[in-house]
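[1] please work out how this folds:
(one chain, ligands or ions: 1)
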Amino acid sequence: MATLWIKSPLAIWTGNNDDASGGFVVDGDKIVELVASGGAPSCHFDDVFDASQHVILPGLINAHHHFYQTLTRAYPDALDKELFHWLKALYPVWAGLDEEMMRLSTQLASVELLLSGCTTASDHHYLIPHGLEHAIDIQVQETEKLGLRTVLTRGSMSLVKTKEASASSYHSNRATNTG
Ligand SMILES: [Zn+2]
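    Next up, the predicted model:
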């Protein structure tokens, strides 16, 4: 894979005392050299990207997502509702979650995250209907393709229908699978 010198950013944060004011060289998805202010890489590089109008930060981390919900954000019956009413409006829709929806929602959420500077996300997925037992596998496939780092969890949900139980159990996802 080609090496690229991301040269002289407007600002850069390394999280330590290393001077990378001159940018850095990447080989694929790996940083192979930091370049000090006014310097040039000592390693070979194939191309240069002028970062003088860019600020470089480490990727952001989203610690709590539900990728599949990206598909129902604008569902009319659920708009502007309190949590329990929002859930009641959406559960019948989510009951029809299938493989294509799982795949598309994972793609959409991943692209949105990456475009906003987020490179790592934790998805708390708890809808595993019959026929979609491989939901987490789909997430692994799609996020790997897009290059989003993930911590995927399989959550659980109470079947109790009382208002208090359903609402309070909503955020009781338990991580049983990480990777
Ligand atoms: Zn949640």
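
[2] Gly131 against Gly96, yeah?
    No - Gly131 is not in contact with Gly96 according to Cβ atoms under 8 Å; the separation is 10.8 Å. All C-beta spots, glycine's among them, are computed from the backbone N, C-alpha and C.

[3] quick check: next helix or strand after the biggest strand by length in the chain?
    Assignment by DSSP state E gives strand 118-125 as the longest strand of the chain. Later in the chain than strand 118-125, the nearest helix or strand by DSSP states H and E is helix 135-146.

[4] that following helix vs strand 118-125, what angle?
    170 degrees (axes from the mean of the first three to the mean of the last three Cα atoms, to 10 degrees).

[5] sheet partners, orientation included, of the very next helix or strand once past helix 135-146?
    Downstream of helix 135-146, the next assigned helix or strand under DSSP H and E is strand 149-154. Strand 149-154 has the following strand partners under DSSP bridges: strand 118-125 (parallel).

[6] quick one: mean pLDDT for the strand it pairs with?
    Averaged across strand 118-125, the pLDDT comes to 96.

[7] what stretches of the protein score poorly on pLDDT?
    For the chain, the stretches with pLDDT under 70 are 157-179.

[8] in the longest helix anywhere in it, what counts as buried?
    Ranked by number of residues, the top helix in the chain under DSSP state H is helix 99-115. Buried residues in helix 99-115, defined by neighbour count with 16 or more other Cβ atoms under 10 Å: 101-102, 105-110, 113-114.
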